[in-house]
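>>> Quick check, what structure comes out for this input:
(2 chains)
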Protein chains: 2
Amino acid sequence: MNAIVPIYALCFLAVAIAFAFAVYLHLWVKRQRTENKRIMEVSQLIHEGANTFMRKEYRILALFAGVAAVVIFLLLPSPIWNGNILENLSMALAYIAGTVLSALAGKIGILVATSANSRAAEAASRSLKEAFLVGFRGGSVMGLAVVGFSLLGVMAVLLVTGDATILLGFSFGASSLALFAKAGGGIFTKTADVAADLTGKVELGIPEDDPRNPAVIADNVGDNVGDVAGMGADLFDSNVAAMASALVMAQALDGGTGANAAMVFCYAALGLIASIIGIAFAKVGKDGNPTGALNFSTYSTTAIFLVLTAIATALIDGFEWRIWGASAVGLIVGVIIGITTDYFTDDTRPIVRRVANASRSGSAFTVLSGVSYGFISCMPAMVGIAVSALVAYQLCAPLGSDYALFGIAMAAVGMLSIVGMIISNDAYGPIVDNARGLAEMGGLGEETIRIADELDSAGNTVKAVTKGFSIGAAGLTVISLLGAYLSEVNETLASLGRELLTGFDIMNPLVFFGVLIGAAIPAVFSAMLMLGVDKNAQRMVREIRRQFRRIPGLRQGEPGVKPDYDTCIDIATEGALKELIPAGGMTILATVIVGFIGGPEAIGGFLLGNIVSGLLLALFMSNAGGLWDNSKKYIEAGHCGGKGSKAHKAAVTGDTVGDPFKDTAGPSINTQITVVSLVASLMSSLFVAFSLFG
Amino acid sequence: MNAIVPIYALCFLAVAIAFAFAVYLHLWVKRQRTENKRIMEVSQLIHEGANTFMRKEYRILALFAGVAAVVIFLLLPSPIWNGNILENLSMALAYIAGTVLSALAGKIGILVATSANSRAAEAASRSLKEAFLVGFRGGSVMGLAVVGFSLLGVMAVLLVTGDATILLGFSFGASSLALFAKAGGGIFTKTADVAADLTGKVELGIPEDDPRNPAVIADNVGDNVGDVAGMGADLFDSNVAAMASALVMAQALDGGTGANAAMVFCYAALGLIASIIGIAFAKVGKDGNPTGALNFSTYSTTAIFLVLTAIATALIDGFEWRIWGASAVGLIVGVIIGITTDYFTDDTRPIVRRVANASRSGSAFTVLSGVSYGFISCMPAMVGIAVSALVAYQLCAPLGSDYALFGIAMAAVGMLSIVGMIISNDAYGPIVDNARGLAEMGGLGEETIRIADELDSAGNTVKAVTKGFSIGAAGLTVISLLGAYLSEVNETLASLGRELLTGFDIMNPLVFFGVLIGAAIPAVFSAMLMLGVDKNAQRMVREIRRQFRRIPGLRQGEPGVKPDYDTCIDIATEGALKELIPAGGMTILATVIVGFIGGPEAIGGFLLGNIVSGLLLALFMSNAGGLWDNSKKYIEAGHCGGKGSKAHKAAVTGDTVGDPFKDTAGPSINTQITVVSLVASLMSSLFVAFSLFG
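Below is the predicted model of the structure:
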């Protein structure tokens, strides 16, 4: 009857295979030939720059995490003076474990990505097939590390403490790191990108990736810290949060070691195995279409997962078909969201072309049409999330009313099951993006740059899909976190002998109060990040201008004259972290204030408002950004007047607006939502005990 | 004990005074001297253009309203085959009355505004003081007409039918008209504005308001149909909806003729009287500051209302201080929202200057900083609405649980009590804006244009405040409409002998499903309107180019050569109505689909999601638009390089993006929310009877 022991064994096995495979892929990447000295040199600079950023980031994070751990130890899950020191200690340690494991995964990802970029560049001088493999396998190491560490961490916490609530602490640790990695990395990458473009392309008229530009290394570092480490941390966070909230509910249903918890672990392990299979067989086919190859891997991983879990559900006693159905619905809807996102951001589809056409009338029309289609693009994903939550709930409701919410949590677990593959696709992007830059800097010739461009373009297209996917997953996850929050509140209320909450009624003005304020938070949060990018980019622009003025021969590109790359990296790093703190702080502070004013019901509403407007804005910003980026590329490919035309100039404006939308603010909102949900769950007992109106 | 009879008398008295005063002001405006033939001629063209638009609009609307009335007669409040023909007939007639009275108010407003514009232009050649009075008094006629007709209509419906539910039909009629007037007018005005700017200022380099431009009359017509008729219809709609929802609850509390209904009417009448006093005494002081004069009138009207209602509450038996407190909170918060909006859009404050400064780096930075501050500007208003709802609720809760929701409705009534003054301020704007154009076309000289500019600038500043105010009021109103919806649902459930709903729990997946889809609607709706403007403007641009090519001597401005203004007006008119229908239809259709899939609970969530994201987007778009507009004006006043500089060019892009934001999409969202809320309330019995999951 009790399936948990063999399932744990399966999980450990899956994690072990994932780690072994990651090591193999890393060694495989390392073995690829590197000859071009210039490329190796620049790649080394990128590698060092990324390490500098991460070292500083992790140092500040360690400080933050240390303080947070002490606060957790003192106050959570309930104030230490009310009793259980051991539980508080576990929570604090779990929190630290969450930050450390996520940081470790990010570190490994960066390590491999910054060694794969130069090898992909050189492989591109041989063939598209080889270069694709180097890029993809380099990215896969990150994917495997993230999923391996998250599964391992969740299992370890549950095995050691036996208490699923402690998982929320672990998950909060992962979220804290994700906030720094995603939002901080997002500010870093766009600071460098915007500053490099403004001074290089616009003021001096030198090409992108020109080694004379002092910001060029920072720009390449940014791709790695934003898209590799940041995206990895984001999905680590979502994955842990999905499992944690499912396990909190499973524990309420069957004590945490019964069939439901077993299902969570089993599905997660099978998802990892499906991803491993998908990664192992990924390659560019005869048609030489890298986008097709990446999408094929995603679809086949999806199919493998569905088959494996169906077999497990049929064989294992206590596994319910209805719950399998919920997770299948989640995964399938995730894929559909990805496909609809693609419709709005792919330049073979009409929308990108319409925005490119509108650019002929000037930049205002690029912006207006992009904003409009960006708004419309939210609809399919919002409907998708809504339908999957509803269907998952209705499917599982016949098992009992508590199972219905568990069904939603399992839909989130299902959607995130193939996250290993998703991250691999995503991390592939910056590697080949870097490779393109390196090919240019290393003078590998036009054909190589063309191949690198093709690989890069596939990365961009797939990135839109993975972003849609990750926002969708975050949406379902936070719905189940809302359920976890309600359980936490009721546990406290029960312990105080007070009446339990059955839910959060929107006709209750406390709930409504929370909804309205919660809805404003993602808007303010993303605005603060974008203004941070702007402020920081201005700083870097000043530094770049200074270097061009002061370093003799730099502008003319005299041999041997090099810009001071490090100062630009330092500006991006320090600025990113400086601009991030107020935005993150505001979010957490608002949660605490609303909680202490309105109590647990206001927080229920606050979470809802936050989720709803957060999803809307995240989808809008990510999709509009991708749309503008690809419209620019479409024009650059020779349409609507091509490079240098009026339409192109307008499209560049659109792209510059879209950059912080899609790479800084949009994807950070995910993390913001998760952080707020977890802060709310963790502090729920305090909100129950002390609040003005609650 | 029963205060309703004298209160009705008071209302009729207030309405009679308002109408008499409006007639007096109209005659006063008419009496002002007009001499300049050119100005009279152009003013006549604007007048005719506005009439053409309104005639076509009302014709289509009549068709729409006719169909809607038949549907209402057949189905609402409950299908006619289930019984009460008389009730359905009343509902259909009330609906028609709602559209007719609102249309009438709009017609009167346009009539006066288009005769006041030329007189304000000529008065400006004499003095600022005189011109201000002409503009303001011209606008006041609209204000008085709107409030008079709305109060009269609500009273009449309640007196004739004795059933507050029928008021929802009246309110829906007002909303239907507002949807056409606000969204249709919004598309019209921006079509003409964008097309005139693109061809005139950008392509040909001729000044704004140059009579050679074929779109110049359409542009001036647009100001009237968008800002006078549209804004008037919008606030007519909000005002009626606020009273209707308060009266639905009052009727549930005391049968509709007791103290609570009396309070609603009494406060509305006193608000009208306060507005009349404020209007009568408005004038520019010695310092010659028109912005100050407009704001002073608003503040003094607020104070008069609070004093009058306090006296009434003290004197009249059954009037509760707590309810007075709720309406006072609503009004004060409304004023505060206005002031914070001003902070983000006034060029004497830092934000406008920061955006102007960012424009030095190019248009992408104008857009990015405007979007960011636009997002941040939502926060104070969202918090304000949240706090006023919470405080009103808590204040009234001790009177009984049903009173708490009534308190929120009274906060909305309080916020809208001074709506007569708000509309007067708002309609002042397009009159003096037109006057500026007329002064230029009539060659009244630089000093007159300077005075007209100063008056126009005050209109712009105050417009930001009134827009913030009207969005805030819509927010509170729809919260109380949510309450009205719940009452309607429970009435049906009670009649079927089924269990009543206590509210809408966000943990219920049907509610959640509704929330997510409802939240996406305002985004899609506003996107459709903006794309409509774009499409329509392209049509008009083609026509303008054609005229410049085909009409000999037009470009050179040879004497006697006139462009064909009418064709441009026709394009704007027909396009506006054509582009509006799909957006409005999508909204209503989505409501119906969600209702028939998820039932009344899904609709509860749908309304919440719609309100929350609607408020957020409406605030964002209105404020960002105002911010960009004033940043451009700030640069044009000689800062950051002044006219013709790089910063100016970037600011023009920002303004062009902001125009459809603030004049088409942003303010139409209000109406969209109200329409959806009323459709939901009216169809509630159908959703209870037939739905897939509900």
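>>> wait, doesn't residue A:481 sit right on residue A:248?
No - with contacts counted by Cβ atoms under 8 Å, residue A:481 stays clear of residue A:248, the gap being 9.1 Å. Quick note: C-beta positions are derived from backbone N, CA and C, even for glycine.
>>> tell me the secondary structure for residue A:641?
Classification of residue A:641 by DSSP: H, G, I helix; E, B strand; the rest coil places it in coil.
>>> count of residues packed around it?
Per other Cβ atoms under 10 Å in any protein chain shown, the neighbour tally for residue A:641 reads 16.
>>> That one and chain B, how far apart?
Residue A:641 sits at a distance of 17 Å from chain B (criterion: Cβ to the nearest Cβ, to the nearest Å).
>>> cool, and residue A:581?
Applying Cβ to the nearest Cβ, the value for residue A:581 to chain B is 17 Å.
>>> give me the element that residue is part of.
Using DSSP states H and E, residue A:581 falls within helix A:565-636.
>>> what's the distance between that helix and the middle of its chain?
In terms of Cα atoms, centre = their mean, to the nearest Å, the centre of helix A:565-636 is set 12 Å apart from its chain centre.
>>> pLDDT at the closest residue to residue A:682 other than its chain neighbours, what is it?
Among residues not flanking residue A:682 along the chain, residue A:76 sits closest, at 5.0 Å (Cβ to Cβ, 6 or more residues apart in numbering or on different chains). Looking at residue A:76, its pLDDT stands at 73.
>>> Residue A:76 is in contact with residue A:169, isn't it?
Yes - between residue A:76 and residue A:169 there is a contact under Cβ under 8 Å: 7.2 Å.
>>> For the stretch 201-350 of chain A, give me the ranges with low pLDDT.
Across the stretch 201-350 of chain A, the ranges flagged by pLDDT under 70 are A:255-257, A:286.
>>> ok, which residues in it are in contact with chain B?
residue A:202 (Cβ under 8 Å from any Cβ of the partner chain).
>>> Now do residue A:563 against chain B, distance only.
Taking Cβ to the nearest Cβ, one finds residue A:563 at 21 Å from chain B.
>>> ok, for residue A:38, nearest residue in space, not its chain neighbours?
Nearest one to residue A:38, counting by Cβ to Cβ, 6+ apart, is residue A:442 at 4.7 Å.
>>> Which residues are in contact with that neighbour?
A:36, A:38, A:39, A:42, A:121 (Cβ atoms under 8 Å, 6 or more residues apart in numbering or on different chains).
>>> residue contacts, residue A:623?
A:341, A:344, A:345, A:373, A:374, A:377, A:378, A:464, A:468, A:662.
>>> swap the cut-off to 6 Å and go again
By Cβ atoms under 6 Å, 6 or more residues apart in numbering or on different chains, the contact list for residue A:623 reads A:344, A:374, A:377.
>>> Near the residue nearest to the first one when sequence neighbours are not counted, how many residues? Count them for me, please.
So the one you mean is residue A:344. Setting aside the residues directly before and after it, residue A:344 is nearest to residue A:377 in space (Cβ to Cβ, 6+ apart), at 4.1 Å. Residues lying near residue A:377 (other Cβ under 10 Å) number 28.
>>> What strand or helix carries the residue of chain A positioned farthest from its centre?
Computed with Cα atoms, centre = their mean, the maximum C-alpha offset from the centroid of chain A is found at residue A:552, amounting to 42.0 Å. Counting by DSSP H and E, no helix or strand carries residue A:552.
>>> Now it: closest residue in space that isn't a chain neighbour?
residue A:561 (7.4 Å).
>>> I figured that neighbour was touching residue A:554, is that so?
Yes - using Cβ atoms under 6 Å, residue A:561 makes contact with residue A:554 at a distance of 5.2 Å.
>>> between the two, who's got more neighbours?
The neighbour comparison of residue A:561 against residue A:554 (other Cβ under 10 Å) goes to residue A:554, with 18 against 13.
>>> Low-confidence ranges, chain A, go.
For chain A, applying pLDDT under 70 flags the ranges A:1-3, A:255-257, A:286, A:694.
>>> Phi and psi next, for residue A:88.
Backbone torsions of residue A:88, given as degrees, to the nearest 10, read phi -60, psi -40.
>>> Tell me how many other residues surround it.
21.
>>> Now do the same contact list for it.
Taking Cβ under 6 Å, 6+ apart, one finds A:73, A:80 in contact with residue A:88.
>>> ok, it to residue A:70 distance?
To residue A:70, residue A:88 is 10 Å away according to Cβ to Cβ, to the nearest Å.
>>> Please apply the same query to residue A:210.
Using Cβ to Cβ, we find residue A:210 at a distance of 48 Å from residue A:70.
>>> Between those two, which is the more surrounded one?
residue A:210 (16 against 11).
>>> Three-state assignment for that one, please.
Assigned by three-state DSSP, the conformation of residue A:210 is coil.
>>> hmm, back to that, got TSV for the contacts of residue A:442, with secondary structure and neighbour count too?
Shown next, in TSV, are those (DSSP: H, G, I helix; E, B strand; the rest coil; neighbours: other Cβ atoms under 10 Å in any protein chain shown):
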residue	secondary structure	neighbour count
A:36	coil	20
A:38	helix	14
A:39	helix	24
A:42	helix	25
A:121	helix	33
